[in-house]
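Enquirer: Here is the input, now give the coordinates:
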Amino acid sequence: MAHIDAGKTTTTERILFYSGKVYRIGEVDAGTASMDWMDQEQERGITITSAATSCYWKDHRITIIDTPGHVDFTAEVERSLRVLDGAVAVFCAVGGVEPQSETVWHQADRYRIPRIAYVNKMDRSGADFFAVVEAMKTKLGAAAVPVQIPWGGEDTFSGVIDLVNSRAIRFSHQDKAAEPEVIPIPEELAEAAERYRTQLLEVLADQDDGIMTDYLEGKKIGGSRIKTALRRAVISGRLVPVLCGASLRNIGAQPLLDAIIDYLPSPLDVPPVKVVNRDGEEESRGPDPQGPLTALVFKIVSDQHCGRLAYLRVYSGTLKKGQKILNASNRRKTRISRLLEMHANRREERELLGPGEIAAVVGLDVVGTGETICDPASPVVLEGMQFAEPVISMAVEPHSPAESEKLEEVLEKLASEDPTFRTHRDPETGQALISGMGELHLQVMGERALREYSLRIRMGEPSVAYRETIEERKAGEHKFIRSGGGKSQYGHVILEVDPAPRGSGFRIKVAVKSDEIPSAFIPAIREGIEDAARTGYIAGYPMTDMNVTVTGGSYQEGESTELAYKAAASIAFKDAVRRAGPVLLEPIMDLQVITPPETIGGVIADLGSRRGKIIETIKNPKRVVIRGHVPLAELFGYATNLRSLTQGRGAYTMEPAYFDIK
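Expert: Okay, here's the model as predicted:
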């Protein structure tokens with residue numbers, strides 16, 4: 001996981017080559033990387049969809065998911081972290097901790113994923129290993145501790161100094177297949193190596209009483225003891241070992257593989273997963289092949305050869321070909337027809353899967369992303385996944401009116417694969433609308449419709465996906481009474497709406513006695529409120545950052561119906577919102593601009609004209625990094641403007657930060 005262009009896919013290609021999984025090294029820039037298998041990935045030189053594979057290193061099997069770095073595809077990182085046990089965070093030795101580095105790091109924090117860090121591109125001009133380590137501590141709050149230091153730097157970078165085993169590892173630039181040469185630490189680096197090894201031991205002494213005692217007594221502490229103590233600290237999330245390399249020049253992949261084996265957990269090292277059984281009670285499921293089946297579907301893909309593929313991770317039990325399974329999320333049963341182990345887009349048939357394994361299942365139509373499949377005799381539900389809300393929308397239409405039905409079908413298929421891609425029709429104009437995480441995201445989806453489904457579509461100008469909220473606390477009430485056809489309908493709802501802090505979402509609380517409104521009608525009341533909230537009050541945008549409390553109502557025997565309560569709740573909600581000061585919220589982006597020092601004035605002035613707020617400016621002799629918060633509505637076409645301001649030398653990245661009043 002990493003910021004865009006830090007070298008994730010390049011590093012993965014070296015891991016696959018040196019572990020014997022592939023017999024030639026693919027290059028991202030040449031469009032030959034085996035993990036970037038989509039046409040668009042090869043043409044654009046970026047990763048768009050996460051690709052799963054596995055390899056073997058020193059009798060250990062490693063399952064790898066190479067994720068995108070671009071913020072538009074952050075859902076791929078989210079769902080990969082949900083099912084993996086460890087992560088390698090890749091940092092650029094020049095760029096350091098960049099915006100998307102922070103995003104993926106905090107995503108891993110949320111899932112408590114043990115991590116190791118790999119500082120790549122040590123051969124680049126301006127590379128600074130120790131500055132990156134320091135930035136990890138200050139910007140990420142990470143307990144980063146170097147286990148290697150670089151041997152040389154920039155164009156003289158030739159290997160690494162292994163602090164754990166007190167040795168030097170030199171790599172051959174000419175022969176990529178040559179084994180790294182392990183030699184004693186060169187004399188000119190001996191003092192630095194001793195200093196940083198002492199720092200490593202001091203950090204470990206705080207974590208391990210045995211090492212503390214021996215360190216204070218001046219005893220020699222061997223590499224195997226350091227590895228054992230470091231492994232415990234990494235798995236518990238207390239430390240992050242930092243390695244370095246230059247993947248493009250084939251430096252650092254083998255020690256990185258060793259570190260993955262030495263420090264990151266196997267499925268046996270992580271705590272059993274928590275599940276909820278049919279009685280609503282929490283249970284634990286450990287990685288026992290003989291236990292009841294528990295697996296999580298984390299990704300849906302449409303494959304042109306196999307049809308619908310559901311990627312899943314097995315947590316307990318064994319999944320076999322032909323086995324009958326239950327989708328615990330929707331109570332539907334089906335049978336497993338085929339199991340496929342994936343290497344990017346290539347596949348290998350499997351007969352069964354055990355705990356910790358990740359594979360794809362063919363034809364599993366009854367499941368979606370984040371749903372649990374399990375043994376029908378022992379139904380349980382795993383915790384699902386949360387995805388960011390879309391921030392940008394476009395109107396789309398087919399080139400031919402005859403393809404309108406196909407458009408609906410294709411958009412639904414694409415939406416089923418990507419939880420951050422939404423599609424719906426504008427009730428007023430009848431236009432098909434697509435929503436996503438950015439312009440690139442929607443462009444990629446449009447190209448996928450053409451390449452994968454032979455559907456040409458036209459896209460309108462992008463528009464901002466606003467939200468609505470309220471500024472005051474108000475009550476609303478409505479009695480829905482209808483008579484007709486010899487039957488009366490009655491529903492009466494009283495509720496309150498209350499503003500909530502930014503980012504808190506939309507919550508409904510029911511605080512009504514059962515003698516006022518029977519519990520059987522509560523789901524209908526919730527549905528009525530949710531329907532009204534989806535279409536907002538001012539301009540039809542979804543409502544957020546507010547709490548709704550149902551405080552009362554009344555009931556009439558024989559006349560009250562679900563439809564009446566749903567309508568009453570919807571009208572009462574709109575009545576309360578109308579008087580509660582409804583306002584529009586717009587998405588604010590966290591923008592990072594990299595510019596030459598001589599153009600900084602023009603760039604800052606331009607951001608000011610776009611209603612931007614500058615958060616920080618980091619200067620060095622070669623470049624300036626400007627970080628600020630800017631409304632998304634002001635950033636359409638910004639790439640062209642920035643190129644003009646900086647004579648083509650500027651670059652920027654952005655990601656959603658928060659919603660604020662427009």
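Enquirer: E412 versus the residue nearest to the spatial centre of the chain, what's the distance?
Expert: Computing the C-alpha centroid of the chain and ranking residues by Cα atoms, centre = their mean puts E78 first, at 2.3 Å. Counting by Cβ to Cβ, to the nearest Å, the gap from E78 to E412 is 22 Å. All C-beta atoms are positioned from the backbone trio N, CA, C, and that covers glycine.
Enquirer: L312 is in contact with L296, correct?
Expert: Yes: here L296 reaches L312: they are 6.2 Å apart, a contact under Cβ atoms under 8 Å.
Enquirer: In contact with W151, which residues?
Expert: Applying Cβ atoms under 8 Å, 6 or more residues apart in numbering to W151 gives the contacts F157, S158, G159, V160, I161, A168, I169, R170, P186, L189.
Enquirer: Quickly list what's touching both of L296 and L312.
Expert: I373.
Enquirer: Helices of the stretch 1-150 of the chain, start to end?
Expert: Using DSSP state H, counting those that start in this stretch, the helices assigned to the stretch 1-150 of the chain run over residues 8-18, 39-44, 74-83, 99-110, 129-140.
Enquirer: what's the weakest-modelled helix or strand in this structure?
Expert: helix 39-44 (a mean of 50; mean pLDDT, DSSP states H and E).
Enquirer: Excluding covalently adjacent residues, which one is nearest to R467?
Expert: L585 (4.2 Å; Cβ to Cβ, 6 or more residues apart in numbering).
Enquirer: so that neighbour sits in a strand?
Expert: Yes: according to DSSP: H, G, I helix; E, B strand; the rest coil, L585 belongs to a strand.
Enquirer: related to what we said a few turns ago, just name the closest of the contacts of W151 to E527, please.
Expert: For the contacts of W151, the closest approach to E527 (Cβ to Cβ) belongs to V160, at 59.4 Å.
Enquirer: what about the helix or strand harbouring the closest one, average pLDDT?
Expert: Taking DSSP states H and E as the definition, V160 sits inside strand 159-162. Averaging pLDDT along strand 159-162 gives 93.
Enquirer: contacting residues around that strand?
Expert: For strand 159-162, contacts defined as Cβ under 8 Å, 6+ apart pick out 147-152, 167-171, 180-181, 185, 189, 192-193, 243-245, 251-252, 255.
Enquirer: mind redoing it with 6 Å?
Expert: Strand 159-162 is contacted by residues Q148, I149, W151, A168, I169, R170, F171, I185, L189, A193, C244 when judged by Cβ atoms under 6 Å, 6 or more residues apart in numbering.
Enquirer: Who's the closest spatial neighbour of P501, skipping the chain neighbours?
Expert: Distances taken as Cβ to Cβ, 6+ apart place D545 nearest to P501, at 6.8 Å, with adjacent residues excluded.
Enquirer: where exactly do the strands run in the stretch 201-350 of the chain?
Expert: 240-244, 273-277, 282-285, 294-303, 307-316, 319-320, 324-327, 332-335, 338-343, 346-350 (DSSP state E, counting those that start in this stretch).
Enquirer: before we move on, what about the stretch 351-500 of the chain?
Expert: Secondary structure of the stretch 351-500 of the chain (DSSP E, counting those that start in this stretch): strands at 352-353, 358-362, 372-374, 380-382, 392-398, 422-425, 432-436, 457-459, 463-464, 467-470, 474-484, 487-499.
Enquirer: Before I go, just wanted to say thanks for your time.
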